[in-house]
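Peer 1: from the sequence below, what's the structure:
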Amino acid sequence: MTKIDKVLYTGRTHTTGGRDGFSRSDDSQLDIKLSPPGSTHAGTNPEQLFAAGWSACFIGAMGLAAGKRKLRLPENAAVDAEIDLGTTDGAYLLQARLKISLPGIEPELARGLVEEAHQTCPYSKATRGNIHVDLQIAA
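Peer 2: Residues are numbered from 1 along each chain as shown. Down below sits the predicted model:
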């Protein structure tokens, strides 16, 4: 396991009530009601939060990969992330699909940016070998 030498940022939240609770960051920028996945209750769920965090991080990693090539990502670059919560043999598991859109970028270059981002994105690193991840590049 790799240990961090220099911490760049620490996100801090306080959560109560689990999937039917509340979560708030220490700086109050995040203050949300939580609800179980698929329920009609107000609030979001951990799977949606994970999808949002991973997709934002992945776009940042693609931006770094593009910068190494002296390129900029298109302003309308996007990642549609889907995080599934499911079971296998009674154990709860996650799996993910990231559909990446890089309009105006040639397919071969887009594939290179996505592959590099998947190697450098901290969310991708954290999940590598732990959950099934499907990367798709939108046509």
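
Peer 1: please count neighbours and contacts with C-alpha atoms only from this point.
Peer 2: Fine.

Peer 1: who's residue 85 bridged to?
Peer 2: residue 94 (DSSP bridges).

Peer 1: so when I look at residue 14, I'm seeing a helix, right?
Peer 2: No - assignment of residue 14 by DSSP: H, G, I helix; E, B strand; the rest coil gives strand, placing it outside any helix.

Peer 1: please name the bridge partners of it.
Peer 2: Under the criterion DSSP bridges, residue 14 forms beta bridges with residue 24.

Peer 1: which residues does it contact?
Peer 2: Residues near residue 14 by C-alpha atoms under 8 Å, 6 or more residues apart in numbering: 23, 24, 25, 26.

Peer 1: check the last one and give its pLDDT.
Peer 2: This points to residue 26. At residue 26, the predicted lDDT confidence score is 98.

Peer 1: tell me who's in contact with residue 56.
Peer 2: With C-alpha under 8 Å, 6+ apart, residue 56 has these contacts: residue 79.

Peer 1: kindly apply the preceding question to residue 123 instead.
Peer 2: 54, 57, 58.

Peer 1: in this structure the last one contacts residue 121, no?
Peer 2: Yes - in terms of C-alpha atoms under 8 Å, residue 58 counts as a neighbour of residue 121; the distance is 5.7 Å.

Peer 1: these two: which has the busier surroundings?
Peer 2: Of the pair residue 58 and residue 121, residue 58 is the one with more neighbours under other C-alpha atoms under 10 Å, namely 25 against 20.

Peer 1: tell me who's in contact with that one.
Peer 2: Contacts of residue 58 (C-alpha under 8 Å, 6+ apart): 79, 117, 118, 121, 123.

Peer 1: which of the contacts of residue 14 are buried?
Peer 2: 23, 24 (16 or more other C-alpha atoms under 10 Å).

Peer 1: of the contacts of residue 14, just say which sits nearest to residue 75.
Peer 2: residue 25 (28.7 Å; C-alpha to C-alpha).

Peer 1: re the thing from before, helices - which of the contacts of residue 123 land there?
Peer 2: 54, 57, 58 (DSSP state H).
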